[in-house]
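Q: dropping a prediction and its sequence here:
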2 protein chains.
Amino acid sequence: MRIALLGGTGDIGEGLALRFARDTDHELLIGSRDPEKARDAVEEYNSVLESHDATADCKGFANEMAADRADVVILSVPPYHVGDTVEAVADVLDEDTILVTPAVGMKGDEDGMHYHPPGTGSVSELVAQRAPDGVPVVGAYHNLAAGKLANIELEFDLDTLLVGDDADAKETVRNLTNEIEGLRALDAGPLANAAEVESVTPLVINIAKYNEELHDVGVKWV
Amino acid sequence: MRIALLGGTGDIGEGLALRFARDTDHELLIGSRDPEKARDAVEEYNSVLESHDATADCKGFANEMAADRADVVILSVPPYHVGDTVEAVADVLDEDTILVTPAVGMKGDEDGMHYHPPGTGSVSELVAQRAPDGVPVVGAYHNLAAGKLANIELEFDLDTLLVGDDADAKETVRNLTNEIEGLRALDAGPLANAAEVESVTPLVINIAKYNEELHDVGVKWV
């Protein structure tokens, strides 16, 4: 499969790129609004992977071109860019392209981070609303510890929750996710259940803030 | 210490009673609106504990009497009874009594459970608002798997998150919680962070609903 990571040059995008590259045989298309930035990121990822004796089928593109070529498009952009990013690539999406959304709306204050969803109820539902008709949307990778993900020397045992209304699309993302070593995808139901999944993201940040023994917190459902 | 479990006759109350009874030396006061019901529950708990070679210092009372005698009062009642229960025991609470709230407002539909907080933003903040001035409030035990807790033959490894504005009260609840075998208390910050903690409760129910391999889901933050 061909996986596009739009906004794949930072944070969660980096970790997903490195882990998909090392643990799977899928083709990775790193997207950025600036294709030069995408190619720089790819160069960096390839050098990290080579230093760990891994090779990757990984190339850099402008977002639209990456999305056009992909079977799965992961919107690893900040929440306030999600709507624009979907619109920027809408013309190249179709029913065979799965749109995956990991972004979460949050607001911080002195107490910590708070869940701050858009008017649609969740970012996942916002993506579904903005995506062209028939394009399946799956919420995933919200609560992954970005630092742990990007440190490919680190072995982990983490869960990520999936929400989506299209069972086939969710199954594809589930299988893809389970190919990453130490990562388990669990189903949290339809998109209507996205808010409870997304709101774990501010929570893991708060847990890291208030517990010295924990950093870059992830989650296991047991 | 003397721990009152108001509404300690059902669900999470049962599990907390059995685990506190078995794993700690604290005195347990099981409260119910109907003291007869509380005494029946105590009889049942004692018989479970005896069959596991554990003894307990556990007695049944009307809620108000249990709260009056306790150092820590756990409001293990359904969310729609929390406000009334706090008011019913308000006269016997003081600055030396810690009020602990595990309840979560939820609404279910065909998709699953959804977080449905009161106008105060969370049940924890509702309790703080209704409690007499100076009574410290700690949110805890929201996301425990009630069935796992109540099955004392079962060993588990679970986390529970604490929120509260009174550091000493939170520390007391933390120490108390950590006395239960396999349970770890983590700090999630002040009461203002309660919503993100409470909203994990509908989420664990959804995870159990959509994943055949998981039942009675709890959580570990890693």
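A: The structure has been received and is ready for your questions. Numbering: from 1, shown residues only, chains lettered A, B, ... in the order given.

Q: in chain A, which spans are helices?
A: Ranges of helices in chain A, per DSSP state H, are A:12-23, A:35-51, A:63-69, A:79-89, A:123-130, A:146-150, A:167-178, A:194-198, A:200-210.

Q: near chain B, which residues of chain A are found?
A: Within reach of chain B by C-beta under 8 Å from any C-beta of the partner chain, chain A has these residues: A:109, A:111-115, A:156-158, A:161, A:186-190, A:192-193, A:195-197, A:199-200, A:202-204, A:206-207, A:209-211, A:214, A:217-222. From N, CA and C alone the C-beta is placed, and that goes for glycine too.

Q: just to revisit the earlier point, which of the helices of chain A sits most buried?
A: Counting by mean count of other C-beta atoms under 10 Å in any protein chain shown, helix A:194-198 has the highest mean neighbour count of those, with a mean of 28.

Q: the helices of chain A: which one's closest to residue B:100?
A: helix A:200-210 (17.7 Å; C-beta to C-beta).

Q: does anything pack onto that closest one? Which helices or strands?
A: Contacts defined by 3 or more C-beta pairs under 8 Å, 6 or more residues apart in numbering or on different chains; DSSP states H and E place helix A:200-210 against strand A:106-108, strand A:113-115, strand B:183-187, helix B:194-198, helix B:200-210.

Q: give me the contacts around that helix.
A: Helix A:200-210 has contacts (C-beta atoms under 8 Å, 6 or more residues apart in numbering or on different chains) with A:104, A:106, A:112-115, A:142-143, A:145, A:161, A:214-219, B:161, B:186-189, B:193, B:196-197, B:200, B:203, B:221.

Q: do that again at 7 Å, thanks
A: A:104, A:106, A:112-115, A:142-143, A:214-219, B:186-189, B:193, B:196-197, B:200, B:203, B:221 (C-beta atoms under 7 Å, 6 or more residues apart in numbering or on different chains).

Q: thinking again about what came up before, which one of the helices of chain A lies closest to residue B:73?
A: Here helix A:200-210 is closest among the helices of chain A (C-beta to C-beta), at 23.7 Å.

Q: now the closest one - C-alpha only, PDB.
A: The C-alpha trace of helix A:200-210 is given here as PDB (Å, rounded to 0.1, in the frame of the first residue of the first chain):
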ATOM      1  CA  VAL A 200      -7.500  11.400  26.000                       C
ATOM      2  CA  THR A 201      -4.800  13.500  24.300                       C
ATOM      3  CA  PRO A 202      -5.000  16.500  26.700                       C
ATOM      4  CA  LEU A 203      -5.200  13.900  29.500                       C
ATOM      5  CA  VAL A 204      -1.900  12.200  28.700                       C
ATOM      6  CA  ILE A 205      -0.300  15.600  28.600                       C
ATOM      7  CA  ASN A 206      -1.700  16.400  32.000                       C
ATOM      8  CA  ILE A 207      -0.500  13.100  33.400                       C
ATOM      9  CA  ALA A 208       3.000  13.800  32.100                       C
ATOM     10  CA  LYS A 209       2.900  17.300  33.700                       C
ATOM     11  CA  TYR A 210       1.800  16.100  37.200                       C
END
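
Q: how far off centre is it?
A: Relative to the chain's own centre, helix A:200-210 is displaced by 18 Å; criterion: C-alpha atoms, centre = their mean, to the nearest Å.

Q: give me the angle between it and helix B:200-210.
A: With axes from the mean of the first three to the mean of the last three C-alpha atoms, to 10 degrees as the basis, helix A:200-210 and helix B:200-210 are set at 130 degrees to each other.

Q: helix A:200-210 - what's its average pLDDT?
A: Computed over helix A:200-210, the mean pLDDT rounds to 98.

Q: let me know the angle separating it from strand B:183-187.
A: Using the same axes, to 10 degrees: helix A:200-210 against strand B:183-187 is 90 degrees.

Q: one step back: mind putting the helices and strands packed on helix A:200-210 into a markdown table with distance to residue B:12?
A: Shown next, in a markdown table, are the helices and strands packed on helix A:200-210 (distance: least, C-beta to C-beta, whole Å):
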| stretch | distance to residue B:12 |
| --- | --- |
| strand A:106-108 | 29 |
| strand A:113-115 | 24 |
| strand B:183-187 | 13 |
| helix B:194-198 | 13 |
| helix B:200-210 | 10 |
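
Q: to residue A:8, which of the ones you listed lies closest?
A: strand A:106-108 (20.8 Å).

Q: tell me which residues in that closest one are buried?
A: residue A:106 (16 or more other C-beta atoms under 10 Å in any protein chain shown).

Q: now that strand: average pLDDT?
A: Rounded to a whole number, the mean pLDDT of strand A:106-108 is 97.

Q: how far off centre is that strand?
A: How far strand A:106-108 lies from its chain's middle: 19 Å, per C-alpha atoms, centre = their mean.

Q: which neighbouring elements make contact with that strand?
A: Secondary-structure packing of strand A:106-108 (3 or more C-beta pairs under 7 Å, 6 or more residues apart in numbering or on different chains; DSSP states H and E): strand A:113-115.
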